[in-house]
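S.K.: Let's see this in three dimensions:
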Amino acid sequence: MVAAIAGLRPGALWGLKGDTYEGLDWRDTVQTKPTQAEIEAWVPPPPGPAPQTSVLYQHENRLRSLEGQPPLSLGDFLKNTRIPK
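M.R.: Numbering: from 1, shown residues only. Just a heads-up that it's a prediction; the model follows:
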């Protein structure tokens, strides 16, 4: 039920006491409270492709881009590599 509410009304303010529709405390003033029928009919979206922003993915792409080039010093490699925070 929590996933359905979050999927139907992203960013809405609400609370839930228990796990039934009667326990849904709607606090949002912009979005309307979903009906029980909407919540019961909600189907999660299919999973999308895995995000390709991992450090390993970036590292593998960087290595592929360097194939056939002379080796880089560690300092040059680090200077040209984005390290996520």
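S.K.: How is the chain partitioned into domains?
M.R.: Domain ranges of the chain: 2-41, 49-85, per automatic domain parsing.
S.K.: Check the separation of the first and last residues in the longest one.
M.R.: Domain 2-41 has an end-to-end distance of 13 Å (C-alpha to C-alpha, to the nearest Å).
S.K.: which parts of that domain are buried?
M.R.: Going by neighbour count (16 or more other C-beta atoms under 10 Å), the buried part of domain 2-41 is 4-5, 8-9, 12, 14, 21, 24, 26, 33-34, 39. Every residue, glycine included, has its C-beta placed from N, CA and C.
S.K.: mind showing which ranges of the protein have poor pLDDT?
M.R.: Along the chain, segments meeting pLDDT under 70 span 49-54, 72, 83-85.
S.K.: So which residue of it lies furthest out from the middle?
M.R.: Largest separation from the mean C-alpha position in the chain: Pro70, at 38.1 Å (C-alpha atoms, centre = their mean).
S.K.: hmm, back to that, tabulate the buried residues of domain 2-41 (JSON lines), appending distance to Phe77.
M.R.: Formatted as JSON lines, the buried residues of domain 2-41 follow (distance: C-beta to C-beta, whole Å):
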{"residue": "Ala4", "distance to Phe77": "47"}
{"residue": "Ile5", "distance to Phe77": "47"}
{"residue": "Leu8", "distance to Phe77": "46"}
{"residue": "Arg9", "distance to Phe77": "46"}
{"residue": "Ala12", "distance to Phe77": "46"}
{"residue": "Trp14", "distance to Phe77": "48"}
{"residue": "Tyr21", "distance to Phe77": "56"}
{"residue": "Leu24", "distance to Phe77": "53"}
{"residue": "Trp26", "distance to Phe77": "53"}
{"residue": "Lys33", "distance to Phe77": "54"}
{"residue": "Pro34", "distance to Phe77": "51"}
{"residue": "Ile39", "distance to Phe77": "51"}
